[in-house]
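In: Any chance you can model this:
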Amino acid sequence: MAGRDFEQRLNRIWYAGEAAPWWLGALVPVYRALAALRRVPYALGLRKAAHIDVPVVVVGNLVVGGSGKTPLVVALVEALRARGWQPGVISRGYGGSARGPLLLDDQPQAGEVGDEPCLIRRRTRAPVAIGRARAQAAALLAGQGVDVVIADDGLQNPSFARDVEICVVDGRRRFGNGRLLPAGPLREAASRWAAFDFRVCNGAEPRADEVGMQLAGDVAVALAGDAPARALDAFAGTRVHGVAAIGDPSRFFDALRARGIDVVAHAFPDHHAYVAADLDFGDGLPVLMTEKDAVKCAPFARDGHWYVPVRAVLPDAFLDVVAAKLAVGKACRQQARR
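Out: The predicted structure is shown next:
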């Protein structure tokens, strides 16, 4: 558990006020220089961002770790589809063995394509492609009837052009100590926050220039067997093992406890590659996990293993404005082809 211990210490430094050791601070200029070097060829015109043939919306965050990005991507897919669009999703495929570009099939495996693309594909049934080169991944969607591409992460990636940028922040943890990696959680300076088209605050009262988002999950779905879904409240007063390998596992455990569930918490590093022994607690208690964990644990799940899917609740007005901005991008492309 050395990796988990180190992650816990980083979280105390980043979010709980613990002082960063000198060597973490000394690495900040190195990180800043490497990040700048990535942008320099584009700033000097030596390289140009690839332009994708359909409108592109990028969903990401300023910090490493969880902020609610994946539920927001799922919500955008569903909302745009309801407004007449045919969305597809591109992702790097972090945590998977495949380098891509690769178009996901109907039964993607998290170990190959990454847990988040796997979850998005299974939940939405929208076309999903992975690849380090996002434009190459987007090209795989061309034959799938896609007329808008949602990039799952990539705000800090200058290699492809976009029409809309949406940044989401965890409303509880915000930007932590406000420092760049590795002394803090920031991928880039917090001053960048104001430059995004939309700023989404997950799980807390949004500020004046932010869109509020809440994650709602009220059922538990069995990973194995044919047991029907259960209301999450049915577990109230029950002792369970809570399992989470997400950016902020405490958010999941707190949500269960808020429903009166007695949680024995088991936090794993984000994107953890589960094995069956990870869920062998030797006591027969129910196991509740996130949907992101479930796509990795399904191959060895047994009776009593459940996952809790969540949905992002967002204002309709926000979704309407996003769709309108994408329509402008679509019209501009059509005009350019004439």
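In: Could I get the buried residue list for stretch 147-167?
Out: Neighbour counts over stretch 147-167 (16 or more other Cβ atoms under 10 Å) mark 147-155, 157-160, 162-167 as buried. Just so you know, the C-beta spots here come from the backbone N, C-alpha and C atoms, and that holds for glycine as well.
In: From the chain's centroid, how far away is it?
Out: Centre-to-centre, stretch 147-167 and its host chain are 13 Å apart (Cα atoms, centre = their mean, to the nearest Å).
In: so for that stretch, what's the average pLDDT?
Out: For stretch 147-167, the mean pLDDT works out to 95.
In: and that stretch, how far apart are its ends?
Out: 22 Å (Cα to Cα, to the nearest Å).
In: cool, stretch 83-98 as well?
Out: End-to-end distance for stretch 83-98, by Cα to Cα: 33 Å.
In: And that stretch, what's buried?
Out: 83, 85, 87-96, 98.
In: Take these and lay them out in a markdown table including pLDDT, secondary structure and distance to Asn177.
Out: As requested, these are exported to a markdown table (pLDDT from 0 to 100; DSSP: H, G, I helix; E, B strand; the rest coil; distance: Cβ to Cβ, whole Å):
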| residue | pLDDT | secondary structure | distance to Asn177 |
| --- | --- | --- | --- |
| Arg83 | 97 | coil | 39 |
| Trp85 | 97 | coil | 39 |
| Pro87 | 98 | strand | 36 |
| Gly88 | 98 | strand | 37 |
| Val89 | 98 | strand | 32 |
| Ile90 | 97 | strand | 32 |
| Ser91 | 95 | strand | 29 |
| Arg92 | 92 | coil | 26 |
| Gly93 | 91 | coil | 30 |
| Tyr94 | 87 | coil | 24 |
| Gly95 | 85 | coil | 26 |
| Gly96 | 88 | coil | 31 |
| Ala98 | 89 | coil | 35 |
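In: between these, which is closest to Asp280?
Out: For these, the residue nearest Asp280 by Cβ to Cβ is Gly95; the value is 22.4 Å.
In: how about the nearest residue to that closest one, chain neighbours excluded?
Out: His271 (4.0 Å; Cβ to Cβ, 6 or more residues apart in numbering).
In: how is the chain carved up into domains?
Out: With domains defined by automatic domain parsing, the chain comprises 56-85+147-214+313-337, 218-309.
In: could I get those as JSON lines with distance to Gln136?
Out: Output for the domains of the chain, formatted as JSON lines (distance: least, Cβ to Cβ, whole Å):
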{"stretch": "domain 56-85+147-214+313-337", "distance to Gln136": "10"}
{"stretch": "domain 218-309", "distance to Gln136": "22"}
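In: Which stretch among these approaches Leu140 most closely?
Out: The nearest among the domains of the chain, by Cβ to Cβ, is domain 56-85+147-214+313-337 at 10.7 Å.
In: so how far is that closest one off the chain centroid?
Out: 11 Å.
In: End to end on it, go ahead and measure it.
Out: Per Cα to Cα, domain 56-85+147-214+313-337 runs 17 Å from first to last residue.
In: May I have the secondary structure class of Glu116?
Out: Under DSSP: H, G, I helix; E, B strand; the rest coil, Glu116 falls in the helix class.
In: And the one 4 residues further on, by the same measure?
Out: Taking three-state DSSP as the rule, one finds Ile120 in the helix state.
In: just Gly242 next, same as before
Out: Three-state call for Gly242 (three-state DSSP): strand.
In: my guess is it contacts Arg259, does it?
Out: No - applying Cβ atoms under 8 Å as the test, Gly242 and Arg259 come out as separate, 11.6 Å apart.
In: residues in contact with stretch 101-113?
Out: Residues from elsewhere that reach stretch 101-113, judged by Cβ atoms under 8 Å, 6 or more residues apart in numbering: 93, 95-98, 117-119, 121-122, 127-131, 133, 136-137, 139-141, 144, 273, 295-296.
In: change it to 6 Å
Out: 93, 96-98, 118, 121, 128-131, 136-137, 140, 295-296 (Cβ atoms under 6 Å, 6 or more residues apart in numbering).
In: Cheers, nothing more for now.
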